[in-house]
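>>> I'll drop the sequence and a predicted model, then ask my questions.
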Amino acid sequence: MADTPVPILMYHSVATAPNDATRALSVAPEAFAEQMAMIGDLGFTPVNTADLAASWRSSRPLPRRPLLITFDDGYEGVHRHALPVLAKHGFASTLFVSTGWIKGGHDTGGGLDTMLDWDQVRELAAADVEIGGHSHTHPQLDQLDDGTLRHELIHCKEIVADELGTVPASFAYPYGYSSRRVREAVRETGYAQALAVGNGLARRRQGPYALQRVTVRRSTGIEEFERLVEGRSIARDFARDRALTKGYAMVRRARQVRRKAIRTRV
């Protein structure tokens with residue numbers, strides 16, 4: 001029971017008419033409502049990221065059939081469409097915000113679609129949604145130099161703390177990309193746990209800074225969704241994603257080596 005796998009669902013936008021930039025990773029409000037109803041029917045108990053990690057860290061028992069519902073980036077539809085459904089079922093969840101994408105004084109203009117504002121983020125936090133960090137400008141963290149990496153992590157953490165009055169305990173890597181250096185920086189910044197992607201079930205042995213999630217997209221039908229939360233056929237459903245990820249990882253490693261060589265020569 002100590003290493004029972006836990007499904008962590010990764011959502012982005014919940015929108016009726018998403019733009020082209022977010023369409024593939026968006027979910028229609030009707031589909032989201034159907035998926036949440038299925039979670040309830042299957043007897044899962046949604047918990048937030050901090051509670052899962054704390055339970056595993058202290059060997060405290062988890063509720064029956066634990067599951068995590070997470071949202072990345074900070075799209076407005078999480079407040080408009082997802083929150084009423086979560087509240088109806090009494091489900092906990094986690095929202096990971098890229099602070100430079102949230103409307104307000106810290107907005108860098110990088111948001112890909114209609115984004116939340118800080119009043120909406122505060123309303124989510126008051127409604128049992130854990131607010132975690134997702135960097136400031138949503139870069140590929142493992143491609144950054146040490147100073148820029150730490151700025152992305154610290155600035156995000158400080159803005160969330162200033163806006164909400166609570167220091168974020170959890171983090172999610174933009175694009176799911178991390179490395180040992182990035183994970184150490186996240187830990188040193190003070191985040192207690194962090195989520196990757198991986199498209200697999202989360203297990204305690206993955207460690208608190210590399211917990212895997214499964215992607216829910218606009219193309220995810222209800223039968224596939226049931227397989228995801230039950231942990232069936234995940235490898236098959238995400239086979240193409242894994243092949244593409246491996247290929248791109250080789251390209252990105254080559255870029256890192258090239259940049260490091262250039263810095264060394266300078």
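Okay, I see it.

>>> make it CA atoms for all contacts and neighbour counts henceforth
Noted.

>>> could you pull out the helices for the stretch 1-150 of the chain?
29-41, 49-58, 77, 83-89, 118-125, 146-164 (DSSP state H, counting those that start in this stretch).

>>> list the helices and strands the fourth one packs on?
Read it as helix 83-89. Contact analysis of helix 83-89 by 3 or more CA pairs under 8 Å, 6 or more residues apart in numbering; DSSP states H and E lists helix 29-41 as its packing neighbours.

>>> now do the helix it packs on, average pLDDT.
Model confidence over helix 29-41, given as mean pLDDT, is 98.

>>> next: stretch 156-166.
For stretch 156-166, the per-residue pLDDT averages 98.

>>> now do stretch 80-98
Averaging pLDDT along stretch 80-98 yields 98.

>>> same check, this time on stretch 116-131
Per-residue pLDDT values across stretch 116-131 average out to 97.

>>> just the CA atoms of that stretch, as CSV, please.
Taking C-alpha atoms only, stretch 116-131 is exported to CSV below (Å, rounded to 0.1, in the frame of the first residue of the first chain):
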residue,chain,number,x,y,z
LEU,A,116,-7.1,34.5,-14.8
ASP,A,117,-6.7,37.7,-12.8
TRP,A,118,-5.5,37.7,-9.2
ASP,A,119,-9.0,38.2,-7.7
GLN,A,120,-10.1,35.0,-9.5
VAL,A,121,-7.0,33.2,-8.2
ARG,A,122,-7.9,34.3,-4.7
GLU,A,123,-11.4,33.0,-5.2
LEU,A,124,-10.1,29.7,-6.3
ALA,A,125,-7.7,29.5,-3.3
ALA,A,126,-10.7,30.2,-1.0
ALA,A,127,-12.6,27.3,-2.6
ASP,A,128,-10.2,24.5,-1.7
VAL,A,129,-7.9,24.9,-4.8
GLU,A,130,-4.2,24.8,-3.8
ILE,A,131,-2.2,27.4,-5.7
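
>>> many thanks, have a good one.
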